[in-house]
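**Student:** just need the structure, nothing else, for what follows:
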Amino acid sequence: MNINKGYVKTKFGQIHYRFCGNGKPIVLLHPSPRSSVVYEKLMMSLGETHQVYAPDTLGFGYSDPLPRKFDFYDLADSIYEFLKYFSLNEVTIFGLHTGNKIAAAIGHKNYNCIKNLILCGMSHSLILDKNIRNTQIHKIVNKNSEVDIYGNRWKKTYELIYNSWWTEKILNNNNLKVKDFKFAENEVIDFIKSRESYESIYNENYIFDFEEAVKNITIPVLIIELISEREKDIGNQSNSFKSIGSNFHTCQLKKSFTGILSDEGRSNDVLETKVNLLSKKIIDFNKNYIL
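**Tutor:** Residues are numbered from 1 along each chain as shown. As a prediction, the model looks like this:
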């Protein structure tokens with residue numbers, strides 16, 4: 001199966017996307033500061049039974065820059081225009097980290113073409129209380145608190161690139177395969193392309209009232225919480241969604257995380273080593289909880 005690529009023009013700018021498969025449509029919204037390239041393995045798995053689209057959020061990958069003034073509801077509208085371009089209906093939206101915020105905004109907007117939502121993320125990303133969530137995100141995003149003297153994230157982007165290009169595995173020349181270099185190369189390209197959008201997307205994340213958006217969703221929602229040892233102090237978050245309404249369903253994937261190469265390797269990265277499990281959760285939810 002081949003993954004095809006293309007562009008869709010919206011009033012917010014051109015959206016680059018990846019596409020494969022046939023069947024009912026699933027749209028994958030990626031985390032920041034990455035692009036749709038992170039979903040290529042998941043797309044191949046889902047594409048066996050579904051039509052799968054993975055757009056680059058505006059400001060990331062090969063899409064046009066973010067609008068000068070925007071919020072997650074604008075990004076939701078840009079995805080809605082993307083869906084209308086293909087005349088998609090009964091769509092499942094899957095969002096990971098920043099993607100789950102855009103997905104929540106889509107749910108809040110209640111577009112009639114959306115069948116259900118899947119909000120996925122590590123525990124910090126699923127905290128409903130904005131202030132508590134922001135504290136946890138700030139710890140991750142601002143590991144290096146040194147001021148970027150150039151004022152445009154030039155220095156900080158280089159530091160991210162260096163850590164991706166020269167991973168511990170590559171430095172140690174330890175059983176290297178072509179895919180190890182490809183992972184690093186894809187991440188470096190994403191960091192370069194996201195440089196000017198990095199601060200803006202996280203600032204909007206801090207502002208966004210995730211809890212309010214989630215509580216106004218009426219269609220079926222699946223919460224997939226990635227449980228990682230590094231976040232054991234945060235505690236499980238998926239149970240907090242159960243009291244919102246009977247349309248919310250939850251599951252947890254143990255010993256799972258997703259992040260950048262320099263975080264903690266790829267041994268438990270859900271998008272690399274647990275793709276079949278994640279794909280099964282998505283497909284099973286589509287079968288059991290529909291409009």
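
**Student:** who touches the longest helix seen in the chain?
**Tutor:** Assignment by DSSP state H gives helix 178-194 as the longest helix of the chain. Contacting residues not belonging to helix 178-194 are listed as 32-35, 37-38, 59-62, 157, 160-161, 164-165, 167, 169-170, 201, 260-261, 266, 272 [C-beta atoms under 8 Å, 6 or more residues apart in numbering]. Any C-beta I mention is one placed from the backbone N, CA and C, and that applies to glycine too.

**Student:** now list the buried members of the residues you listed.
**Tutor:** Burial by neighbour count, 16 or more other C-beta atoms under 10 Å: within the contacts of helix 178-194 this picks out 32-35, 37-38, 59-62, 157, 160-161, 164-165, 167, 169-170, 201, 260-261, 266, 272.

**Student:** among those, which are located in strands?
**Tutor:** Members of the buried ones among the contacts of helix 178-194 lying in strands (criterion: DSSP state E): none.

**Student:** take those residues and keep only those in helices.
**Tutor:** Thr157, Leu160, Ile161, Ser164, Trp165, Lys169, Ile170, Ile201, Leu261.

**Student:** now tabulate those residues in a markdown table and tack on pLDDT and distance to Leu46.
**Tutor:** Output for those, formatted as a markdown table (pLDDT from 0 to 100; distance: C-beta to C-beta, whole Å):
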| residue | pLDDT | distance to Leu46 |
| --- | --- | --- |
| Thr157 | 89 | 31 |
| Leu160 | 85 | 29 |
| Ile161 | 90 | 30 |
| Ser164 | 86 | 26 |
| Trp165 | 89 | 30 |
| Lys169 | 81 | 28 |
| Ile170 | 85 | 30 |
| Ile201 | 95 | 25 |
| Leu261 | 59 | 24 |
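
**Student:** between the residues you listed, which is closest to Lys69?
**Tutor:** Lys69 has its nearest neighbour among these in Ile201, at 13.4 Å by C-beta to C-beta.

**Student:** so what's Ile227 up against?
**Tutor:** Taking C-beta under 8 Å, 6+ apart, we find Ile227 in contact with Ser123, Asn236, Gln252, Leu253, Lys254, Lys255, Ser256.

**Student:** please read the previous query as pertaining to Leu58.
**Tutor:** Contact analysis of Leu58 by C-beta under 8 Å, 6+ apart lists Phe12, Gly13, Ile15, Asp64, Pro65, Leu66, Pro67, Phe70, Leu75, Ser78, Ser197.

**Student:** what helix or strand is the fourth one located in?
**Tutor:** Put plainly, it is Asp64. Assigned by DSSP states H and E, Asp64 falls within no helix or strand.

**Student:** and it, how far from Asn152?
**Tutor:** In this view, Asp64 and Asn152 are 19 Å apart by C-beta to C-beta, to the nearest Å.

**Student:** equivalent analysis for the first one, please.
**Tutor:** Remark: distance between Phe12 and Asn152 (C-beta to C-beta) = 22 Å.

**Student:** which positions in the longest helix of the chain come out as buried?
**Tutor:** By neighbour count on 16+ other C-beta under 10 Å, the buried set for helix 178-194 is Asp180, Phe183, Ala184, Asn186, Glu187, Val188, Ile189, Asp190, Phe191, Lys193, Ser194.
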